[in-house]
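> quick check, what structure comes out for this input:
(chains A and B)
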Amino acid sequence: MRDAPPPARRTALRTLLRAAPRKIEEHSPSAPGFWRSPLRGPWFTAVLGTVLLFGTTLLFVTGLLSYAAYNPDLAAVNDKTPDKGLLGFYLFAWPTDPHWLYRLTQGLHVTVGITLIPVLLAKLWSVLPKLFALPPARSLGHALERLSLLLLVGGALFVFVTGVLNVQLEYVFPGSFYPLHFYGAWVFFGAFVAHAALKLPQTVRVLRAGGLRERLGTHEGREPEEDSGRGGDSGRGPDAADGLVAPRPAGPTVSRRGALGLVGGGSLLLFATTAGQSFDGWPRATALFAPHGGDEPGRGPGAFQINKTARSVGVGADRTGESWRLVVVGPGRTLRLTRADLLDLAQHSADLPIACVEGWSTSDQAWSGVRLRDLAALAGYDGNAADAPGVLVESLQLRGSFRRAALRDNQVRDARSLLALRVNGADLTPDHGYPARVIVPAAPGVLNTKWVSRLTFGEL
Amino acid sequence: MTRTRRLSAPLRRWYGEGPLHLLLLLASFALALYAGVRLLADDWVMVVVWFVGAALLHDLVLVPVYAAADRAVTALVGGRGGGHRERTMYVRVPAALSLLLLLVWYPLITRQVPRYERSTTLPAGVFLTRWLLVTAALFAGSALWCAVRTWSVSRSGREAGTGRG
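As a prediction, the model looks like this:
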């Protein structure tokens, strides 16, 4: 048996117990004093937010263009999102001019997306205290806004993560990339527009307030107490109410200039080691981490980037040799052509790139072969070349979501659209689609079907 | 104007914000719902896990981990009481850049993607080597910069000393 603690100790214990919840509260992330970085504040957030405003808009627009470039409204085989409904409201016939159009838009989409990752991370860091802010909602409006922020942050991370994984061929996300990235982007963008509109007035006010030098300026050599209310984000005034400025800031370990420099440096590093994958030659060698950076595959005329090898999609030499025939189907007519038959037809050449949805592309390659519109004429559309219809292209591939793909009439009619038999002065290599492949100006890589076995004109 | 005021005052009391706020959020939710049911049409449980999980993983794991690492480096390099704070950047900058590259490209760097070589014919082993080399270069460059700065500061200090003497 023990005696009860003496009265003095009992009082101390009681005081401790009474103080404990307050102590815990002070050390929880919901307490304003928990967040100590003197960098946080409306100005820092506004700068990063402004970069993301322009960056995200560019990503969204180039993303929508990429979606349109597949011509999903043309045929079911092109459409990976058949229930898109109103979200396809803007679709249009993807043009063939300029021939580098998709190379540009998709190169921008992926390269800028990767470059913005440090900015996104810094922006999320800068507003993190707000995630833990209590009470959960001051009003119904505030509650709705916080719900919208879940869509914004979850959506941004979801879209960036699926994109970054997809370009590395790491298909671990739950489902097909196309619907996930496309519908995810719409959820994200809706929340993004609302957020941008709600925050724009404050952002403009904060950025217009001037004092750039003081805001960039180092805190170093100045005590944080001295700093508050002066150069940095003031603890007073309307901005203090938004909960970004630490009420008890720790001593600075880096200036805002330094922190923004680090974010910019991270972006620059990612850009410099990615952008080169959109060009052949020495720029590709600078893309140290991009999936199609570094070296070209092999040597010789076929040594340019390969999306899928013949082996990886189940196209063996047994089906591409002497026994191969191209079946061309038109109204009431079906032709079976050997490769020699195709080489006997009028040969044309076109300098066109391969541009992949993954963001990489090649420079122009010198293709030669038979014009698609000439094949349309053989199939029975032998009137004016300007009347040639669209075509359904089928490949020998056993795997791959675009082994059947449709091309629109404007793509077939373009004089540079070929069923290519040769590239850079030599026969196609097996990995570039031997015996014959489609090449169409400005079309996404997957619509430039390799190992073509059948062309059906007019019926998609 | 007055009519708008008369309408928005009760809204403000009931809702806490102006009418524009409500309209914007409702429009945004309508769009999110329209796209969201399509996003969730296939494997909705896993998509929700990914969507919410990405935010939770970032906010509750990634940020605390890098913030703690940063604090540890600052304490270790900055000296007690932060007397050498400016020196911390020579460690934090190369470390942050190196980890950023790893964060973005970890599937390729850690050779998670067997289909990469099969699909592209490009060698998959180069990314780890490149990452290690770039990391080494970042730290070496930072060390060099630190040495040059230290040297020039001490020299200018000495010159100022002789000038005064």
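> the nearest residue to residue A:326 once chain neighbours are set aside - how many residues pack around it?
Once flanking residues are discounted, residue A:326 sits nearest to residue A:337: 4.7 Å by C-beta to C-beta, 6 or more residues apart in numbering or on different chains. Quick note: C-beta positions are derived from backbone N, CA and C, even for glycine. Neighbour count for residue A:337, taken as other C-beta atoms under 10 Å in any protein chain shown: 21.
> OK, contacts around residue A:337?
Listed by C-beta atoms under 8 Å, 6 or more residues apart in numbering or on different chains, the contact set of residue A:337 reads A:325, A:326, A:328.
> got those residues as a markdown table, with pLDDT, distance to residue B:72 and secondary structure columns?
Formatted as a markdown table, these follow (pLDDT from 0 to 100; distance: C-beta to C-beta, whole Å; DSSP: H, G, I helix; E, B strand; the rest coil):
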| residue | pLDDT | distance to residue B:72 | secondary structure |
| --- | --- | --- | --- |
| A:325 | 97 | 68 | coil |
| A:326 | 98 | 65 | strand |
| A:328 | 98 | 68 | strand |
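> what's the closest of the residues you listed to chain B?
Among those, residue A:326 lies closest to chain B (C-beta to the nearest C-beta), at 25.2 Å.
> hmm, the closest one is touching residue A:455, no?
Yes: contact criterion C-beta atoms under 8 Å: residue A:326 and residue A:455 qualify, at 7.0 Å.
> got any residues that touch both of the two?
residue A:419.
> between those two, who's got more neighbours?
Using other C-beta under 10 Å, the more surrounded residue of residue A:326 and residue A:455 is residue A:455, with 27 against 20.
> partner residues bridging the more buried one?
residue A:328, residue A:393 (DSSP bridges).
> residue A:401 - how many residues pack around it?
With other C-beta under 10 Å as criterion, residue A:401 counts 12.
> tell me the contacts of it?
Going by C-beta under 8 Å, 6+ apart, the list of residues near residue A:401 reads A:80, A:176, A:446.
> which ones, among those, also lie beside chain B?
Subset of those in contact with chain B: residue A:176, counting by C-beta under 8 Å from any C-beta of the partner chain.
> so which of the contacts of residue A:401 is the most crowded?
residue A:446 (18 neighbours).
> how far away is that residue from chain B?
Separation of residue A:446 from chain B (C-beta to the nearest C-beta, to the nearest Å): 13 Å.
> hang on, that residue in a helix?
Yes: counting by DSSP: H, G, I helix; E, B strand; the rest coil, residue A:446 falls inside a helix.
> wait, does stretch B:28-38 contact chain A?
Yes: against chain A, stretch B:28-38 shows contacts by C-beta under 8 Å from any C-beta at B:28, B:29, B:30, B:31, B:32, B:34, B:35, B:36, B:38.
> what sits against the third one?
By C-beta under 8 Å, 6+ apart, the residues touching residue B:30 are residue A:190.
> ok, now the fourth one?
Listed by C-beta under 8 Å, 6+ apart, the contact partners of residue B:31 are A:186, A:187, A:189, A:190.
> that's a helix at the last one, yeah?
Yes: Residue A:190 forms part of a helix when assessed by three-state DSSP.
> and it, what pLDDT?
You'll see residue A:190 listed with a pLDDT of 97.
> look up how far residue B:95 lies from it.
Distance of residue A:190 to residue B:95, computed by C-beta to C-beta, to the nearest Å: 37 Å.
> need the strands for the chain, in chain order.
Defaulting to chain A. Assigned by DSSP state E, chain A shows strands spanning A:326-330, A:333-337, A:348-352, A:365-371, A:391-395, A:404-407, A:418-423, A:426-427, A:437-439, A:452-457.
> I was thinking of chain B, sorry if that wasn't clear
Under DSSP E, chain B gives no strands.
> contact partners for the residue most central in space within it?
By C-alpha atoms, centre = their mean, chain B has its centre lying nearest to residue B:100, at 7.3 Å. By C-beta under 8 Å, 6+ apart, the residues touching residue B:100 are A:117, A:118, A:266, A:269, A:270.
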